[in-house]
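Undergrad: sequence first, then the predicted structure, then my questions.
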Amino acid sequence: MTIKDQLKDLASSGPPVDKSLVQEIKNKVEQGIYPIDLDMVTEKMFESFEEAAG
């Protein structure tokens with residue numbers, strides 16, 4: 001298998017995600033028991049927008 005084929009396989013399967021961990025976090029957020037730092041989230045969103053804008 002070539003590197004190109006391997007990259008196609010990786011791209012088609014999507015990123016590696018621990019679905020059980022994602023579900024656990026979702027449940028905690030819904031229950032209001034997961035600590036979310038809104039200042040940090042906002043800062044990271046703005047950083048992402050700035051990077052996308054170039």
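TA: Alright, I've got the coordinates.

Undergrad: could you pull out the helices in the protein for me?
TA: 3-13, 19-31, 38-53 (DSSP state H).

Undergrad: next, format the ones you listed as CSV and append mean neighbour count.
TA: C-beta here means a position set from N, CA and C on the backbone, and glycine is covered the same way. Below are those laid out as CSV (neighbours: other Cβ atoms under 10 Å):
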stretch, mean neighbour count
helix 3-13, 9
helix 19-31, 10
helix 38-53, 9
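
Undergrad: can I get these in a markdown table with mean pLDDT?
TA: Shown next, in a markdown table, are the helices of the chain (pLDDT from 0 to 100):
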| stretch | mean pLDDT |
| --- | --- |
| helix 3-13 | 86 |
| helix 19-31 | 94 |
| helix 38-53 | 94 |
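
Undergrad: give the contact list for the most centrally placed residue in the chain.
TA: Closest to where the C-alpha atoms of the chain average out (Cα atoms, centre = their mean) is V17, at 8.5 Å. Contact analysis of V17 by Cβ atoms under 8 Å, 6 or more residues apart in numbering lists nothing.

Undergrad: can you give me phi and psi for it?
TA: With angles defined as degrees, to the nearest 10, V17 sits at phi -130, psi 130.

Undergrad: per-residue pLDDT of it, please?
TA: The per-residue pLDDT reported for V17 equals 87.

Undergrad: now V29, nearest residue through space, not along the chain?
TA: Leaving aside its chain neighbours, V29 sits nearest to I36 (7.1 Å; criterion: Cβ to Cβ, 6 or more residues apart in numbering).

Undergrad: the one you found and S12, how far apart?
TA: To S12, I36 is 32 Å away according to Cβ to Cβ, to the nearest Å.

Undergrad: quick revisit: distance check, the residue nearest to the centre of the chain against Q23.
TA: Counting by Cβ to Cβ, the gap from V17 to Q23 is 11 Å.
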